[in-house]
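J.: Got a predicted model here, sequence first, then my questions.
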Amino acid sequence: MSSIVGGGQWDASEPTELILKEKVFSLSGDTFVVKDHTGRDIFMVEGHAISMSDRKSMKAADGTEVAELREKAISMHKGQDVVDPDGNFLFTVRKSGMIQMFSSELEIYLGDGDREVDFDIKGDFREKSFKVTSRSSGEEILDISRKGFNAANLIFDSDSYVISVPAGGDMAFAALVAIAVDEICQED
C-alpha cells in the first residue's frame, strides 16, 4: 500500500497495531486518540462542536496538522471526505449503496480524480469488525476490529479499535478510515 496521507511520513516501518480509542467526555464533539502498541500517542483527532459538516481535525502527537475529516453534506450516499491541511482532497469513505441495513459495504475513493473505487470495506459493521482490501489486487491492506467490548461501551457509547497495519502501510490513512467508518455507522 503506497502512502496516501503525508507522503510516507506516517508509513509503518514494520507490521504495527494501532489502538484507536474514542474519548467519552469531550466538549468539542467526537474526540479520538491513536496510540501504538507500546501506548505512545501517535495521533489526536478532535471534533469541532459547532460545524456544519461535522469536521474533525487530526494532528500528530507533536501538534502537526495531518488531515481533516468532513461529513459529506450533499450526497446520495452517507460518507466522509478527508482533506490535507491545505484543503486538498485525499479520499472519500462512503456507503456503496443508498439503502443498507446491517451488512453494509463501504468504498474508498482516492483523490486521484478517476472516480473509480480504489478500496472496499467489508465486514460486520454492527460488531465493528471489518477489512479493507484493494479493489485492483484483492490484497487485504487493513484489519480493523473493536477491542474489548464492555459495559462502558454501552453506557458511554464509546469504542476502541485495534487497527492492524502492515509494514509500509500508511498509519494516518488507517486511523482516518477507522474513524470515518465509525462515524458513518453511528449515523445509522
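T.: Yep, it's here.
J.: Output the below-cut-off pLDDT ranges for this protein.
T.: Within the chain, the stretches falling below the threshold (pLDDT under 70) are 1-2, 24-29, 49-53, 73-76, 97-104, 113, 148-158, 187-188.
J.: can you give me the offset of whichever helix in it runs longest from its chain's centre?
T.: Secondary structure of the chain per DSSP state H: the longest helix is helix 171-186. Between the centre of helix 171-186 and the centre of its host chain there is 2 Å, according to Cα atoms, centre = their mean, to the nearest Å.
J.: which parts of that helix are buried?
T.: Counting neighbours by 16 or more other Cβ atoms under 10 Å, one finds that the buried residues in helix 171-186 are 171-185. C-beta coordinates here come from the backbone N, C-alpha and C atoms, glycine included.
J.: go on, stretch 4-13?
T.: Quick answer for stretch 4-13 (16+ other Cβ under 10 Å): 4, 5, 6, 10, 11, 12.
J.: Name the residues that touch stretch 174-186?
T.: With contacts defined as Cβ atoms under 8 Å, 6 or more residues apart in numbering, stretch 174-186 is touched by 5, 18, 20, 22, 30, 32, 34, 42-43, 45, 54, 56, 58, 67, 69, 71, 78-80, 82, 91, 93-95, 104, 106, 108, 121, 125-126, 128, 130, 132, 142, 144, 159, 161, 163, 165.
J.: And for stretch 134-145?
T.: Against stretch 134-145 from outside (Cβ under 8 Å, 6+ apart): 1, 116-120, 123, 128-133, 161-166, 169, 174, 177-178, 181.
J.: Which ones among those lie within helices?
T.: Within those, membership in helices is found for 174, 177, 178, 181, as judged by DSSP H.
J.: Figure out the length between the terminal residues of stretch 3-15.
T.: Using Cα to Cα, to the nearest Å, the end-to-end distance of stretch 3-15 comes to 15 Å.
J.: How about residues contacting it?
T.: 60, 66-67, 82, 84, 90-91, 110, 164-173, 176.
J.: go again using 10 Å as the cut-off
T.: Stretch 3-15 is touched from outside by 1-2, 18, 36, 42-43, 58, 60, 64, 66-67, 82, 84-85, 90-91, 108, 110-112, 118-119, 164-177, with contacts defined as Cβ atoms under 10 Å, 6 or more residues apart in numbering.
J.: Filter these down to just the buried residues.
T.: When burial is judged by neighbour count using 16+ other Cβ under 10 Å, the buried members of these are 1, 18, 36, 42-43, 58, 60, 66-67, 82, 84, 90-91, 108, 110-111, 118-119, 164-166, 169-177.
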